[in-house]
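[1] Give me a model of this one.
(one chain, ligands or ions: 1)
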Amino acid sequence: MAFQQDTLSVVIGGTGGIGRAVAEALRARPGRVEAVGRAEGVDIAQPDTVSAFFARLGPVDHVVVTAGSQAPGGHFTDVHPAAAKAAFDIKFWGSLAVAREAARAIRPGGTLTLTSGFVARRTVPGTYVKAAMNAAIEAVAKVLARELAPLRVNVVSPGLTDTTAYRDMAPEARAAMLARAAATLPAGRHGRPEDIAQAYLFAIDNPFVTGSVIDVEGGALIN
Ligand SMILES: NC(=O)c1ccc[n+]([C@@H]2O[C@H](COP(=O)([O-])OP(=O)(O)OC[C@H]3O[C@@H](n4cnc5c(N)ncnc54)[C@H](OP(=O)(O)O)[C@@H]3O)[C@@H](O)[C@H]2O)c1
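    Model (predicted):
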């Protein structure tokens, strides 16, 4: 569906990182973009705030969810189950809270695009919480793509991308992590938010894409 003056796109998580790059790319097109996070009063872990947001908006065309990057890491026995469940409540159940509203609000021809992450299918010790919640999102998105058809539902799975998610790391540690990725990944670079944003635009634009998981990870899955 071509973008028109009345096209309304929503990016939940669109005020930082990958979501902000998606929102910026969409703002270059006709129509309106609502980019929100907790600072705008939309917390995906609080379904009431999600419902109230969609009630305010009315019908929408494209919904992207990029919120919920935080999850506890470390050896399985060191991760407290309560912290793991809290991360699930945000990213997994939060994405589904958005999907419930989006299923009702999206106009014919629109799309829903969720976000997973490369550790869903690349085995990295110390990441079991992210692995599980991202794999769960990919699995559910495929069911939604069947149940909600002709609404198209897809998932973008980013690789290591330099975003606000890493703002609390010591600058040297962050730089070292990104340099290590660039040195070891087949693509020879770490991800930039704009690299990943292109995949959301592909999912939105291509009318033959649904139930897909789009990997943009510099070759991490073949490494
Ligand atoms: N960056 C990577 O290396 C990487 C790798 C694999 C997968 N991913 C996935 O890609 C997605 C985006 O990651 P990112 O690195 O761009 O994240 P980010 O830099 O941490 O940005 C997160 C955005 O989401 C919002 N947000 C956070 N918690 C929220 C909540 N509970 N409800 C609503 N909005 C919330 C933030 O705004 P507020 O703080 O105002 O809420 C911000 O706009 C995540 O799903 C992440 O798991 C990222």
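[2] Minimum distance to the ligand, which residue of this protein gives it?
    The ligand sits closest to Gly17 of the chain, with a gap of 2.2 Å, by Cβ to the nearest ligand atom. C-beta: built from backbone N, CA, C; applies to glycine.
[3] so what's that residue closest to, chain neighbours aside?
    The shortest distance from Gly17 to any non-neighbouring residue, by Cβ to Cβ, 6 or more residues apart in numbering, is to Thr163 (3.2 Å).
[4] per-residue confidence at the one you found?
    We have a pLDDT of 97 for Thr163.
[5] Next: the one 5 residues further on.
    Residue-level confidence at Asp168 comes out at 94, pLDDT.
[6] same deal with the one 4 residues further on?
    Glu172 is assigned a predicted lDDT (pLDDT) of 97.
[7] So the residue nearest to Ser116 when sequence neighbours are not counted, which state does it fall into?
    Distances taken as Cβ to Cβ, 6+ apart place Asn134 nearest to Ser116, at 3.8 Å, with adjacent residues excluded. Secondary structure for Asn134, judged by DSSP: H, G, I helix; E, B strand; the rest coil, is helix.
[8] re the thing from before, so what's the residue count around the residue of the chain closest to the ligand?
    Residues near Gly17, counting by other Cβ atoms under 10 Å, number 23.
[9] how many other residues sit next to the residue nearest to Gly159 when sequence neighbours are not counted?
    Excluding its sequence neighbours, the residue lying closest to Gly159 (Cβ to Cβ, 6+ apart) is Glu217, at 2.8 Å. Using other Cβ under 10 Å, Glu217 is surrounded by 26 other residues.
[10] was I right about Glu217 contacting Ala120?
    No - using Cβ atoms under 8 Å, Glu217 is not in contact with Ala120; the gap is 10.4 Å.
[11] Next, the buried residues of stretch 79-99.
    Of the residues in stretch 79-99, 79, 84, 87-99 count as buried by neighbour count, 16 or more other Cβ atoms under 10 Å.
[12] helices or strands up against the longest strand seen in the chain?
    Longest strand in the chain, counting residues (DSSP state E): strand 106-115. On a contact count with 3 or more Cβ pairs under 8 Å, 6 or more residues apart in numbering; DSSP states H and E, strand 106-115 meets strand 60-65, helix 81-105, helix 128-147, strand 152-158, helix 193-205.
[13] Please pick out the residue of the chain most distant from its centre.
    Centroid-distance maximum for the chain: Thr77 at 27.5 Å, with Cα atoms, centre = their mean.
[14] Poorly predicted segments of this protein, please.
    Along the chain, no part satisfies pLDDT under 70.
[15] Around the ligand, pick out the residues from it.
    12-13, 15-19, 37-39, 42-45, 66-69, 90-91, 94, 115, 117-118, 158, 160-161, 163-165 (Cβ under 6 Å from any ligand atom).
[16] Give me the subset of those residues that lies in helices.
    Among the residues of the chain next to the ligand, the members found in helices (DSSP state H) are 17-19, 90-91, 94.
[17] Kindly reformat those residues as a markdown table containing distance to Ala199.
    As requested, those are exported to a markdown table (distance: Cβ to Cβ, whole Å):
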| residue | distance to Ala199 |
| --- | --- |
| Gly17 | 14 |
| Ile18 | 9 |
| Gly19 | 13 |
| Ile90 | 22 |
| Lys91 | 18 |
| Gly94 | 20 |
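[18] Would you mind listing the outside residues contacting stretch 160-168?
    Applying Cβ atoms under 8 Å, 6 or more residues apart in numbering, the external contacts of stretch 160-168 come out as 16-18, 69-70, 118, 174, 177-178, 181, 185, 190-193, 195-196, 217-218, 220.
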